Structure formats: C-alpha cells, structure tokens
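# Sharing a model that was predicted from the sequence below.
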Amino acid sequence: MADTTTTTFSLTKPEVGASADTWGTKLNTNLDSIDDLLDGTTAIKPNLTASQWQVGGTAVTSTGAELNILDGVTATAAELNILDGVTSTAAELNILDGVTATAAELNYVDGVTSNVQTQLDAKLALAGGTMTGDLLLGANKVGADAGDYIKFTADTQTDFYVNGNNEMRLEADGDLHVDGDVIAYSTTTASSIALKHDVNIIEDALDKLKSLRGVSFKYNHDGRESAGVIAEDVQAVLPEAVKHIRPTLESKEKSLGVNYGALTSILIESIKELTAKVEKLEKK
C-alpha cells in the first residue's frame, strides 16, 4: 500500500506502517500547504452555509444567489453597504460607482437598464438652465397655476388663459383673436406695390363716404362703449374692407367685421375730390 492524497488540495496521506523516516517531511509539507490556504496565499473553494460563518464576529446571512448579484461589481465595501435590499444586476450596480444614495433612493431607478443621466437628458435635456428638448405636459397645458396657463390644441389653435378666462387665441390660419384692446406704440402693415396687383383708384369716393354713418355705440356682449362705422354700410360701398369674423373667443357664429385701415382709401380719394371742387370754385 502506498501514500495517498486528499481529494481537494492533494495533501499527502502517508501510508500507515510505511514511509519510514519520511513522515516528518510529509507532515511539514502538508502544514505549509494548510498555512498557505489559511493566509490566502493559495485560493480555496469553500462550501459555506448561510448564518454559519462570520466576518469580524458578525454572521453572514446572505445566500449564494444574493452574493452572485455582486459578481463583477467594483464598488467598495462602504458603497456596497448602502445597497442592502436592492435587486439590481451587476451591470446596473456598476453605474452607481461612487454614489452615496440610500437604498430607498436607489430603488427609485428600479428597471433602468442604462446610464440614468443619459436617459434623463433624452427626456428633459438641459444646458445652462435652458431646456433644449421638447416639453410635453398633461392636458396640453403649461402655466403658473390652474387659472393662468397656455393651452395647445394640436394643429388647430393656442389659447391663453388669465385668471381662468380665455383672453387670447392664435389660430392655425394665422388669425390672432384678443378679447380686449391691443396696445402698441405702432403697427405696420405690408403695403409695397411689389406685393400687389390689380391696383385701382377708388371711384366716386366722396359719394361712398357720404353713405357711411359715423356712430357711437355699446357692444352687446359686454356693454363696452365705442365708436366707428356699421359693417353693413361699408360692405355696400367697399366690400373689400369687410370680412366675416368671430367677434369674441366664445362666439359660435360669425358676423361682419371692418378693416378700418382700408377706409383710409375712401378718405384719401374723397379729400382729393373735395380739393378739386374747391380749386374749381376758386378759379371762378
């Protein structure tokens, strides 16, 4: 019968009754091997039972499956301690290297499969405090509170609310409706001859002007006082200055509106006709 060895670490088992004068050498060699195993010089592959082994006097209760989650993770022990209860994969944990968040905070990213900052930037990209991506809000609204906001209707209109009231609307056709005065230092209308064709002088301007009534009145919808002309009168002599509009944002039906700027054409030609009559009289 000859010497044999142990199964896992191949320690020599001297044959009983044999190995004369070699037992000491073999035992010393085995002791050196055991010493290397215990001090970490030689790697070991123990089969440990949860709660049956300790680290620094504290029982380790993690299961093999739980410890496998950390395979390949390069975080420090202090960083790993904050992951108690977190079920992320090793790849997900590596993203958190250096993060000092609590386990509860880390659980908020449950299900995130890539760099969190990259995903956040894709949703709400910021650069120097200025948003560079799209901002989409619920109910198609954005504003300061429930009464002051801007409401968007896709491909149709944008409404502006102040104190719960719809005060202004921009429509897809470019029309801007305002339920009050539009106050500005000046307004300029495109009027170059290069932008026009079929240009004609207003004929019989004075007669047309005489058929118009300058009136004061109150609006039916709010009682506000104003002055001007009657659209139907203008339509009879200068239909180009009249169009169908919705007078208020709440109006369902259209009514006639007047382009008051267009009335200057009648005034200009009327003055010229009057001037010609005066000059003719002065020559007599």
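That came through, no problem. Numbering: from 1, shown residues only.

# check contacts around I44.
Going by CB atoms under 8 Å, 6 or more residues apart in numbering, I44 touches L37. To be clear about C-beta, it is placed using only N, CA and C from the backbone, and glycine gets the same treatment.

# Which helix or which strand is home to it?
Assigned by DSSP states H and E, I44 belongs to no helix or strand.

# G174 now?
Assigned by DSSP H and E, G174 falls within no helix or strand.

# For it, give its distance to T158.
G174 sits at a distance of 12 Å from T158 (criterion: CB to CB, to the nearest Å).

# So between these two, which is more surrounded?
Shown here are G174 and T158; by other CB atoms under 10 Å, T158 has more neighbours (15 against 6).

# Can you read off the pLDDT for that one?
With respect to pLDDT, T158 has a value of 95.

# what number of residues lie near S51?
By other CB under 10 Å, 11 other residues sit near S51.

# roughly how far apart are it and L137?
Distance, S51 to L137, using CB to CB: 52 Å.

# One more: E273?
To L137, E273 is 59 Å away according to CB to CB.

# what does A18 give?
For A18, the distance to L137 - CB to CB - is 89 Å.

# How about Y219?
35 Å.

# mind listing what the nearest residue to G143 once chain neighbours are set aside touches?
Excluding the flanking residues, the one nearest G143 by CB to CB, 6 or more residues apart in numbering is Y149, at 2.5 Å. For Y149, the contacting residues are 141-143, 161, by CB under 8 Å, 6+ apart.

# got it, and E203?
By CB under 8 Å, 6+ apart, the contact list for E203 is empty.

# Please repeat the previous calculation with a cut-off of 10 Å.
Contacts of E203 were listed using CB atoms under 10 Å, 6 or more residues apart in numbering, and they are E269.

# Confirm it sits in a helix?
No - E203: not assigned to a helix; according to DSSP: H, G, I helix; E, B strand; the rest coil it is coil.

# mind checking pLDDT for it?
The confidence metric pLDDT takes the value 95 at E203.

# Relative to E282, how far out is it?
E203 is 24 Å from E282, by CB to CB.

# pretty sure W23 is touching K13, no?
No - using CB atoms under 10 Å, W23 is not in contact with K13, being 11.0 Å away.

# ok, L11 - how many residues close by?
Neighbours around L11, by other CB under 10 Å: 17.

# Secondary structure element for the closest residue to it other than its chain neighbours, which one?
Of all residues not flanking L11 in the chain, N30 sits nearest, at 4.7 Å (CB to CB, 6+ apart). Secondary structure assignment for N30, by DSSP H and E: helix 23-39.
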